[in-house]
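>>> Curious how this folds, go ahead:
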Amino acid sequence: MRIKKVALKGAFGVAAGLGLVAGLAACNVASNDIYAFDEKKADGTLDIYLDYSGKQGVTLQETNFENTVEGVNYVKGDLLPTWKIFQKKLNQKILDATNYNASSDNDSYTAVEASNYMSETDNTRKIDIFYNATGNINKAGKANKLVDLATKLDKMPNFKAFLEANPTIKKAISVGDSIYYTPYFDGYNAIERMFIMDTNIVKAILDTDTVSNAKDTAVATTKTNGLQAYKYQPFMNATSNYATAPTVTISKNAKTSNITLVKTDNIIKKQNDAAATATGQSMRKQLRDYIKTVLGDNYGSGKAFENLSDFFVGEQAAYNVDELIALMRVVKASPELITGDANKEVEILVPRGAANNRVDNMADFMQVWGIQGFDAEYEMLYFDENGTLNDAASTPATYQALEYLSQIYDEGLILGDFYKTSTLGSTGYLNKYFGKTTDNGGYGFMLYDYSASTGAVNSLEDGVGTADSTRVGSFKDTKVTGVMPVLPPLTYWSNKKTSTYNADLTDFTNKSLLRYSDSDRALKSTSWCIPASTDNLDGALKMLDYLCSREGALYNDFGPDYYWEGKIDQLTYGGETSPVMNAATKQMISKAKTDFWSFMRGYIGSTHGVGYKRSASINYQATNKYAQIGTKNIENAIASGAVTLALVDNPIYANATNKAGFASAVPAAGYTKPGESVAATYDAVTSFWASNKYSGTASGWTKYITDPAGTYTATSTEVIGKTAIGTKDYSYKDVMDQIPARISSYLYTVANSQGASYVPAYAKANA
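Numbering: from 1, shown residues only. The predicted structure follows:
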């Protein structure tokens, strides 16, 4: 394998190496020596099935790769660095058991079961460990096809300690007294997806004198690339920005202060009143004047808001949902200012790419109107203020918010063909509208997505990002620095125990004005399992437990320690200490011309979701330098309490009986669901929200919002989609009519599987 070899110093001297759990190797040796492994002295052999979408696992799947950190050339089939260090640490010879044929992560269990748990690379060998989505695991475990880890905890001290420290997670992954997999977290109690903006656009609109210039002077609605209509109506208050001037908590440099916002005319009302003659130029002036009024004495040099753009993009952001829609309108009406060409178009809200999960992110936008459950870890479930489990697909307010989403679609504020099949791929819209790395690149303003993934379109800095020379056409060598997360908007959330299930969305009587996100990094739907047929049970248990140790988790995050700067506590982020990737590693990543995660999985063998808790720091280090600015703003605001994030076992709103409440994260596993015959009674509801909307034709909720706002009522009988069970046509009336069955069957069953105290009163009444 090795065509060249150089001696490299390890990350630690002997003393530093003793700081890790079990003692990290003292690495004052050549890098290749740390891999020294005598197969004849191995305690056993582990056949591991890890197939990440058919291309990444424990061995290199590219033809070859020159690893400049190690000074080694890897060829296809070579064990990757992280798995080599696992091999040495565990004294277990590791063999790759997959042919990398899976089209998605969820195909793994089907393939493993079909092979009767035998290796794909050698059908005489048994699989000892495999990676899978949890959907089939408990069923297989109950059929005695998997090892019950709960009976083996005496050999898994790290896993045992984790379960004892996290009883809620233990409950979520248990089937009775049995546990069939080690859980995975791509972070823990940290925000997952966020509102992402091109913040440079916000600064261009608000922080410079954009009023006196002669740009965007045509009436906004007369341009084919401008606003299409003024359909959206004020949400916060019919006439004012707030019914009474609110005092809100803001964060700056991770310290909080309280400011009182000035009550004034609602900006949406002001825009709607001026619609007939409004131009991009006049709308920019109107918004600037409005924000100055709202901030009052809080705006100016040395004040909390030194720039008007801070109102939206700073750590101290204090905008509400109506102000967000108003900003989106102004951006849409300002193509000449933003692009330099009045005839070009700015796409406002877009998905990352063409895929079902990216289409779902467009529905996630409904949280701006105080809707919980759309970014839950499991289906559309959420904990309410009373500590009971609820279902957004059954909640009346959800469908009211859907109408608002339809209104802004009509205005042209959502990418028109976001749901249609496309050749652009799963990151295509991000690359086209933000990265400008595809043909016919354009201008985009906003997404709802992961910070690391979206921030990668910013210019290359410190080994992460996009080289400006790779941008296409007129964008070649263009610097991009503004794509970053922003705080969620202020809106009204049902966090009081006096709130009711069927309250009108705009009834704020028992709600609170909050910046809130239920996009918490909690238990994920991936797992690490041991087939009952394994012929190396002790070695498999040792491997799973090692990944639950700090040492194993750090290697799984960052690769072997000679990819690090030199200390295991080099960086403190998200309340954790961790290593920092060294410059040579970052340089190698930047040269690989792939994203951070694909590089780490495919070329190092790290960051796989295989039964451990990924550190907050690796997510941060995977984020481009410019996007880190926004990420840090959000982390500071969460830490200071200015932003509320859903947490596992949230102590603030928790119910004494079931330890859950508003702002409690929903686990991704541990539920019982009705059988198919019962599910058929509410299949119109399920299919309406199902994650299968990436197609050539709008259906379900995508048809609802792309048809003119106001088209659908509770009695609409027009076909809006086709059910999954029996593939029957269904109407919006069918969806409304089946909600009681969804409540009495689905909601009652999944909530009751957590315990009787989790069942809301209205579900009990209908059961």
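>>> Not counting residues beside it along the chain, what's closest to N752?
Counting by C-beta to C-beta, 6 or more residues apart in numbering, N752 lies nearest to V759, which is 5.2 Å off, once chain neighbours are set aside. (Each C-beta comes from the backbone N, C-alpha and C, glycine too.)
>>> list the contacts for the one you found?
For V759, the contact set (C-beta atoms under 8 Å, 6 or more residues apart in numbering) comprises 388-389, 748, 751-752, 767.
>>> Could you report the distance from it to M588?
As for V759, its distance to M588 is 53 Å (criterion: C-beta to C-beta, to the nearest Å).
>>> hang on, the earlier thing: narrow the contacts of V759 to those that are buried.
Listed as buried from the contacts of V759 are 388-389, 748, 751-752; burial here means 16 or more other C-beta atoms under 10 Å.
>>> From the residues you listed, pick the one nearest S615.
Nearest to S615, judged by C-beta to C-beta, of these is L389 at 29.7 Å.
>>> Now the closest one. Nearest residue, chain neighbours left out?
A751 (4.0 Å).
>>> measure the one you found to W689 for me?
From A751 across to W689, the span is 18 Å (C-beta to C-beta).
>>> which ones are touching I414?
348-350, 362, 405, 408, 705.
>>> how about the CA coordinates for stretch 411-419, as CSV?
Once non-C-alpha atoms are left out, stretch 411-419 reads as follows in CSV (Å, rounded to 0.1, in the frame of the first residue of the first chain):
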residue,chain,number,x,y,z
GLU,A,411,-45.8,36.6,-3.1
GLY,A,412,-42.9,34.9,-4.8
LEU,A,413,-40.9,34.6,-1.5
ILE,A,414,-40.4,30.8,-1.9
LEU,A,415,-38.6,29.1,-4.8
GLY,A,416,-41.4,28.3,-7.2
ASP,A,417,-40.3,24.8,-8.1
PHE,A,418,-38.8,23.8,-4.8
TYR,A,419,-40.6,20.4,-4.9
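>>> Next, the buried residues of it.
411-415, 418-419.
>>> of all the residues you listed, which two lie farthest apart?
E411 and Y419 (17.4 Å).
>>> which SS state does Y74 fall under?
Judged by DSSP: H, G, I helix; E, B strand; the rest coil, the three-state class of Y74 is strand.
>>> Can you verify my assumption that it contacts L60?
Yes - applying C-beta atoms under 8 Å, one finds Y74 in contact with L60, separated by 4.9 Å.
>>> residues shared between the contacts of these two?
80, 603.
>>> All the helices of the stretch 651-767 of the chain, residue numbers only.
Here the stretch 651-767 of the chain has its helices, by DSSP state H, counting those that start in this stretch, at 676-679, 683-689, 701-706, 732-741, 748-752, 761-766.
>>> can you tell which of those helices is closest to T644?
Between the helices of the stretch 651-767 of the chain, helix 748-752 lies closest to T644; by C-beta to C-beta that is 23.2 Å.
>>> Can you tell me what sits against stretch 468-482?
Against stretch 468-482 from outside (C-beta under 8 Å, 6+ apart): 197-201, 203, 434-441, 457-460, 466, 626.
>>> Please pull out the lowest mean pLDDT helix or strand from this protein.
Lowest by mean pLDDT, DSSP states H and E among the helices and strands of the chain is helix 14-17, with a mean of 28.
>>> Give the buried residues for whichever helix or strand comes after it.
Once the chain leaves helix 14-17, the next helix or strand it forms, by DSSP states H and E, is strand 44-49. For strand 44-49, a neighbour-count test (16+ other C-beta under 10 Å) marks 44, 46-49 as buried.
>>> pLDDT (mean, whole number) over strand 44-49?
Mean per-residue pLDDT for strand 44-49: 96.
>>> Would you list the strands that that strand pairs with, along with their directions?
Strand 44-49 pairs in its sheet with strand 92-96 (parallel), strand 129-133 (parallel), by DSSP bridges.
>>> quick one: the nearest residue to A522 once chain neighbours are set aside and E718, what's the gap?
Spatial nearest neighbour of A522, chain neighbours left out: A665 (4.2 Å); criterion: C-beta to C-beta, 6+ apart. Applying C-beta to C-beta, the value for A665 to E718 is 38 Å.
>>> Who has more neighbours out of the two?
A665 (27 against 12; other C-beta atoms under 10 Å).
>>> So what does the more buried one look like in phi/psi?
Here is the backbone geometry of A665 (degrees, to the nearest 10): phi -70, psi 140.
>>> Using the three-state scheme, assign Y232.
Applying three-state DSSP: Y232 is coil.
>>> Tell me how many other residues crowd it.
24.
>>> quick one: buried residues of stretch 266-283?
Neighbour counts over stretch 266-283 (16+ other C-beta under 10 Å) mark 266-272, 278-283 as buried.
>>> What of stretch 343-352?
345-352.
>>> Next step: those restricted to strands.
In this view, the buried residues of stretch 343-352 that belong to strands under DSSP state E are 346-349.
>>> now those in a markdown table, with pLDDT?
Formatted as a markdown table, these follow (pLDDT from 0 to 100):
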| residue | pLDDT |
| --- | --- |
| V346 | 98 |
| E347 | 98 |
| I348 | 98 |
| L349 | 98 |
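>>> which pair in those residues spans the largest distance?
Checking these with C-beta to C-beta, the most distant pair is V346 and L349, at 10.9 Å.
>>> got any residues that touch both of those two?
Contacts common to V346 and L349, judged by C-beta under 8 Å, 6+ apart, are F445.
>>> What count of nearby residues applies to the closest residue to Y188 other than its chain neighbours?
Closest residue to Y188 apart from its sequence neighbours, by C-beta to C-beta, 6+ apart: K613 at 5.2 Å. K613: 21 surrounding residues under other C-beta under 10 Å.
>>> Looks like K613 contacts T182 (just checking).
No - contact between K613 and T182 fails when scored by C-beta under 8 Å: they sit 10.5 Å apart.
>>> What confidence value was assigned to S31?
On the pLDDT scale, S31 gets 49.
>>> how about the helices of the stretch 451-600 of the chain, start to end?
451-455, 537-547, 550-558, 583-591, 596-599.
>>> next one: the stretch 151-300 of the chain
Counting by DSSP H, counting those that start in this stretch, the helices of the stretch 151-300 of the chain are 157-165, 167-173, 199-206, 267-273, 280-295.
>>> So which elements touch whichever helix or strand comes after the longest one?
Put plainly, it is helix 280-295. Using DSSP H and E, the helix or strand that follows helix 280-295 towards the C-terminus is helix 310-313. Contacts defined by 3 or more C-beta pairs under 8 Å, 6 or more residues apart in numbering; DSSP states H and E place helix 310-313 against helix 199-206, helix 280-295, helix 321-332, strand 483-486.
>>> Grab the CA positions of the third one and hand them over as CSV.
Put plainly, it is helix 321-332. C-alpha atoms of helix 321-332 as CSV (Å, rounded to 0.1, in the frame of the first residue of the first chain):
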residue,chain,number,x,y,z
VAL,A,321,-41.9,37.1,12.3
ASP,A,322,-43.7,40.0,10.6
GLU,A,323,-40.5,41.9,10.4
LEU,A,324,-38.8,38.9,8.8
ILE,A,325,-41.5,38.6,6.1
ALA,A,326,-41.1,42.4,5.5
LEU,A,327,-37.3,42.0,5.1
MET,A,328,-37.9,39.1,2.7
ARG,A,329,-40.2,41.3,0.6
VAL,A,330,-37.7,44.1,0.5
VAL,A,331,-34.9,41.7,-0.6
LYS,A,332,-37.2,40.4,-3.4
